[in-house]
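Participant: Dropping the sequence and predicted coords here.
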Amino acid sequence: MSPPVPSKILTDDVSLLMVLIDTNPHFWSSIKPHFSFSKFLSHVLAFLNSILLLNQLNQVVVIATGINACGYVFDSSSGSVSQRAESLLPKLEEFAENDESLSERDDDSGNGVGSSLLSGSLSMALCYIQRVFRSGPLHPQPRILCLHGSPDGPGQYVAIMNSIFSAQRSMVPIDSCVVGIQHSAFLQQASYITGGVYLKPQQLDGLFQYLATVFATDLHSRNFLRLPKPVGVDFRASCFCHKNTIDMGFICSVCLSIFCKHQKKCSTCGSTFGQAKTHDPSASQQR
Amino acid sequence: MADKQQQVVVKRARHKSSVKDPGTPGVLKLTKDRFTFMPNDPSSPVKHNVEFRTIKGHKFTKDGTKQALLNLTQDQGGNYIFEFENFPDRNVCKDFVASAIALSGEAGRTVPEKPAVPIQDEQLSAAEMERRIKLLQEDSDLQKLHKQFVIGGILSEAEFWATRKKLLEQNYSRRPKQRVALKNDMWSTKPLADGQSNRVTFNLTPEIILQIFAEKPAVRQAYLNFVPNKMTEKEFWTKYSRAEYLHSTKNVIAAAAEAAEDEELAVFLKQDDMLVNEARKKIRQVDPTLDMEADEGDDYMHLPDHGLPRNDNKDVLDSQYEPYRRSFSQHLNQHAAVVLQGRVIDVELGDTRSVAEALARTKHAELAKDASDVYLDKERLERISRMTEIEDLQAPRDPAVAPLSIKDPRDYFDSQQANAFSTLGDTVSGAKQLKCSVSTREAYCSLKECISEIKFQGLTEPTINSEVAFKVLNGLAQNISSNKYHLGRNPNESVLDSLPKITREELLLHWSSIQELLKHFWSSYPITTKYLLTKATKLKDAMSQIYPKLQEIKESVQSDLRHQVSLLVQPMLQALDAAFAHYDADVQNRLARSGERPNGF
């Protein structure tokens, strides 16, 4: 890495685009009849090339999100000249092989698609952005674009929310384009919290058009455009015990789990609650 | 003779238009709230019937002067002069008038909403008035309301402010009385000596005395002991000044000699024992690991012949003079401590004794707080052990923090997912699990196939079908324009922002005025007096004037905003409707009751 350069070139139309590509093989094989991974790739590669053509200083980094691993597969600034995005293909192949070798389950067909490691790739993207911020002559406007299809992995909740909040803190918008069948609650929240755009294309074969129309413009130009706006996220919570949406309930003061009735013990973190109105520090509070 | 307790006072008197005027003879009758003057000659035009409320003050001549006069001054500047036959008569009237004026003034202020007597202009102190004006100036919305209702005659000034008592009080209390700190300059005894005589003058003000008491507890104690039993205050301060003068001459030997002769003077000249005690206590509170004696060695200023050159050799004085020495740094430190502590007592400065006593009291309280030496020692030991411990060898003192063990974060996700999807209009069936029909190996194979396929074939040409692209663009455009109607669901933007500025302001104004009116309307229920009834009626009329205006606003806006506006206006209309309904029901009740009565009899 080059040592930090005191004066950074501050431009408002140079983008650092972090693209997270979902490479969950189960997901792609499940929707192959509608939209194959190769089709997806050809749309995305064309999009990435057009981003690189928009501004000479634009930088694109692609991170593959597998089910067992995540990895950088493309960095437009790594070569001597800006490379075309097609050069990511061999790396992607390598990554897929690696991802497969890490997989432990041999044959578990019919077990559902499973989720890919979105939290990992988000963290990698944020780390990369931090590294760029702290080194190099450019101070680009970074943004993260998640091209995601797999269903959300509830087990990654804490990690993903942490990444979202750290993206919010470093003012990096997370755009999301959901190519799967279901909406993604994670990405919806991520875009909402970080001020990015959440989009679920209706016509997958027109993916390039969606990408070029909605996600190609740099952050500065976004101020002048009317992009699809989030409909708003319903932040009402439902209780952990019955999954009912509640307006008022009990919250574990340790882990913020929500319950509709007073519990003796938190089912999430195991803290024991005192009687209501005692001064036990772990006593639940009514909100 | 009339008695003071009497409710009515009748006296013979002459009304005079001026002091020189011979006056009209007649009878002056004073009642609780008014006075009347009837001339003896019924044809005389000089008749008066004046309420005390309009009387601002009264003046009178001294007993035993030429005329027994009483002069009542009116608000508007007019006055009434009455001459009585004798002074006792005049005095009875004077006392009665004084209490009557006070009473009417009070009544005007404390019970402004006295039923049946709608008081037009309240008796307000200038400060009160100023406060209200200031509030109005600061808050343009309040000013608008004030203009609309008070000047518009719907509410009286008193009613308007009655609901805002809190605002007034708050404003009042927001300016706490600022305490003046002690003066920062030391009272350096600059004796004013005139060259000829040997007299030296000191200037002592109450402020300086306070400072002396605060800085020198011994002087304070001496004052409490000596004055006024042993000596007068003047003697005391003379003695004190003499001591100060001796100090200022820096002649230690002379000071010692004087002290030997006069034991009271010695109190001032010797070192302050109380201060020394206090200093000792303070030193105990210093970080116990700090060795002050050891540090002293580092400070070369303490040792002779190091640091600054010293030219006076008085250091080698006998130890008997030691108590009479006073170093400037001690004085400076004590002064600084007192100034930093600030003004701890809240006593009028004029009375020297009370100042001294108050200071002594606060000191006592302080001392009592840390009197328990045993406790102090224990704390000291504890602190030593805390400061000197080697951290690595100590077990963690606080209860160890239990690590957060979230067994399953799935619940967090689930608790939000349901709502998130319903927002997006996803049906449950849409969220069904995708069935994966292939094994992991097959899945990876097909993935890799896809990659190699594109690797060899290159990107599809053309990337996108033009028809599809058109469809996508159309869909996006529609989606974006339809999002306009989802306004209000996004908490970041308000519906008000999308309205034209005039409409918005009008809406806000109406909203605040309706709130004001409703507040007064509901507070006037239950209606117990006629006054409240008229008030409620007046308020109801005012509200019914706003009602059609709201309808107008609803109709004036463009069609695409009309729904939003009507959503906004709806609660206002509902609130008004409720008020009207209540009013009507109340009127019905009233009529029924008044109708019942004749039937009942």
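Facilitator: Received, thanks.
Participant: can you give me the strands for chain B?
Facilitator: B:9-16, B:24-30, B:34-39, B:48-51, B:55-60, B:68-74, B:79-84, B:192-193, B:200-201 (DSSP state E).
Participant: again but with chain A, I slipped
Facilitator: Remark: strands assigned in chain A by DSSP E are A:9-22, A:59-65, A:70-75, A:138-148, A:174-178, A:198-199, A:250-251, A:258-259, A:285-286.
Participant: Any idea which of those strands has the lowest pLDDT on average?
Facilitator: Note on the strands of chain A: lowest mean pLDDT is at strand A:285-286, with a mean of 43.
Participant: how many neighbours does residue 165 have?
Facilitator: You didn't say which chain, so I picked chain A. 13 (other C-beta atoms under 10 Å in any protein chain shown). Every C-beta, even on glycine, is put in place using the N, C-alpha and C of the backbone.
Participant: um, chain B though
Facilitator: 9.
Participant: Quick check, pLDDT for it.
Facilitator: On the pLDDT scale, B:Lys165 gets 71.
Participant: how near is it to B:Leu136?
Facilitator: Using C-beta to C-beta, to the nearest Å, B:Lys165 is found at 15 Å from B:Leu136.
Participant: next one: A:Gln156
Facilitator: Going from A:Gln156 to B:Leu136 by C-beta to C-beta gives 58 Å.
Participant: Pick out whichever of the two has more residues nearby.
Facilitator: Neighbour count, other C-beta under 10 Å: between A:Gln156 and B:Leu136, A:Gln156 has more, with 22 against 16.
Participant: Name all residues that make contact with that one.
Facilitator: A:115, A:117-119, A:186, B:409 (C-beta atoms under 8 Å, 6 or more residues apart in numbering or on different chains).
Participant: Neighbour count, pLDDT and distance to B:Ala254 added to these, as CSV?
Facilitator: Listed next are the contacts of A:Gln156 as CSV, based on neighbours: other C-beta atoms under 10 Å in any protein chain shown; pLDDT from 0 to 100; distance: C-beta to C-beta, whole Å:
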residue, neighbour count, pLDDT, distance to B:Ala254
A:Ser115, 23, 85, 96
A:Leu117, 24, 91, 92
A:Leu118, 27, 92, 91
A:Ser119, 23, 92, 87
A:Phe186, 30, 87, 90
B:Pro409, 19, 73, 86
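Participant: Domain ranges for chain A, per the record?
Facilitator: According to automatic domain parsing, chain A comprises the domains A:8-222, A:236-287.
Participant: make that chain B, sorry
Facilitator: Per the record, chain B has its domains at B:9-107, B:126-174, B:192-288+B:325-375, B:438-485, B:501-594, by the TED database.
Participant: now for these, which one comes closest to chain A?
Facilitator: domain B:438-485 (3.5 Å; C-beta to the nearest C-beta).
Participant: ok, B:Lys471 - contacts?
Facilitator: A:203, A:206.
Participant: From A:Val61, how far out is the closest residue in space to A:Ser123 that isn't next to it in sequence?
Facilitator: Once flanking residues are discounted, A:Ser123 sits nearest to A:Ser163: 5.4 Å by C-beta to C-beta, 6 or more residues apart in numbering or on different chains. As for A:Ser163, its distance to A:Val61 is 16 Å (criterion: C-beta to C-beta).
Participant: List the contacts of the closest residue to A:Ser115 other than its chain neighbours.
Facilitator: Leaving aside its chain neighbours, A:Ser115 sits nearest to A:Gly153 (3.1 Å; criterion: C-beta to C-beta, 6+ apart). Residues near A:Gly153 by C-beta under 8 Å, 6+ apart: A:114-119.
Participant: highest average neighbour count across the domains of chain A?
Facilitator: Most buried of the domains of chain A, by mean neighbour count (mean count of other C-beta atoms under 10 Å in any protein chain shown): domain A:8-222, with a mean of 20.
Participant: Give me the residue ranges of chain A where confidence is low.
Facilitator: Per-residue confidence for chain A (pLDDT under 70) gives these ranges: A:1-10, A:79-82, A:104-112, A:137-138, A:230-236, A:275-287.
Participant: In this model A:Gly149 seems to touch A:Ser30, though I could be wrong.
Facilitator: No. Taking C-beta atoms under 8 Å as the definition, A:Ser30 is not a contact partner of A:Gly149, at 9.0 Å.
Participant: circling back to that earlier point, I'd like the strands of chain B as TSV, with mean neighbour count appended.
Facilitator: Shown next, in TSV, are the strands of chain B (neighbours: other C-beta atoms under 10 Å in any protein chain shown):
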stretch	mean neighbour count
strand B:9-16	19
strand B:24-30	18
strand B:34-39	18
strand B:48-51	13
strand B:55-60	16
strand B:68-74	19
strand B:79-84	20
strand B:192-193	10
strand B:200-201	12
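Participant: neighbours around B:Leu459, how many?
Facilitator: 19.
Participant: Just give the closest residue to it, not the sequence neighbours.
Facilitator: A:Ser42 (4.6 Å).
Participant: Now do the contacts for the one you found.
Facilitator: Shown in contact with A:Ser42 (C-beta under 8 Å, 6+ apart): B:454, B:459-460, B:463.
Participant: Neighbour-wise, which one of the residues you listed leads?
Facilitator: B:Ile454 (22 neighbours).
Participant: Just give the nearest non-adjacent residue to that one, would you?
Facilitator: Nearest one to B:Ile454, counting by C-beta to C-beta, 6+ apart, is A:Ser38 at 4.5 Å.
Participant: tell me the contacts of the one you found?
Facilitator: Contact analysis of A:Ser38 by C-beta under 8 Å, 6+ apart lists B:450-451, B:453-454.
Participant: mind redoing it with 7 Å?
Facilitator: Shown in contact with A:Ser38 (C-beta atoms under 7 Å, 6 or more residues apart in numbering or on different chains): B:450, B:453-454.
Participant: Select from these every entry located in helices.
Facilitator: Within those, residues falling in helices by DSSP state H are B:450, B:453-454.
Participant: can you list those residues in CSV and add distance to B:Tyr531?
Facilitator: Converted to CSV, these look like this (distance: C-beta to C-beta, whole Å):
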residue, distance to B:Tyr531
B:Cys450, 87
B:Glu453, 91
B:Ile454, 88
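Participant: wait, which of those is closest to A:Ala85?
Facilitator: B:Ile454 (11.2 Å; C-beta to C-beta).
Participant: Just confirm the closest one contacts A:Leu41, I think it does.
Facilitator: Yes. Counting by C-beta atoms under 7 Å, B:Ile454 does reach A:Leu41; the two are 5.0 Å apart.
Participant: hang on, the earlier thing: among the contacts of A:Ser42, which two are most distant?
Facilitator: B:Ile454 and B:Thr463 (12.0 Å).
Participant: need the residues of the stretch 451-600 of chain B near chain A, please.
Facilitator: Listed as neighbours of chain A in the stretch 451-600 of chain B under the rule C-beta under 7 Å from any C-beta of the partner chain: B:451-455, B:459-460, B:463-464, B:468-469, B:471-473, B:475-476, B:479-480, B:483, B:486, B:489-490.
Participant: any chance you could map the helices in the stretch 1-150 of chain B?
Facilitator: B:87-110, B:126-138, B:140-146 (DSSP state H, counting those that start in this stretch).
Participant: for the shortest one, packing partners?
Facilitator: By that I understand helix B:140-146. helix B:126-138, helix B:501-523 (3 or more C-beta pairs under 7 Å, 6 or more residues apart in numbering or on different chains; DSSP states H and E).
Participant: okay, now B:Ser452: neighbour count?
Facilitator: 15.
Participant: So which bits of the stretch 1-150 of chain B are right by chain A?
Facilitator: Nowhere does the stretch 1-150 of chain B come near chain A, counting by C-beta under 7 Å from any C-beta.
Participant: Listing request: residues of the stretch 1-150 of chain B with sub-threshold pLDDT.
Facilitator: Within the stretch 1-150 of chain B, the segments meeting pLDDT under 70 span B:1-7, B:63-64, B:75-77, B:102-124.
Participant: how near is B:Ser329 to B:Trp161?
Facilitator: From B:Ser329 over to B:Trp161 (counting by C-beta to C-beta), the distance is 58 Å.
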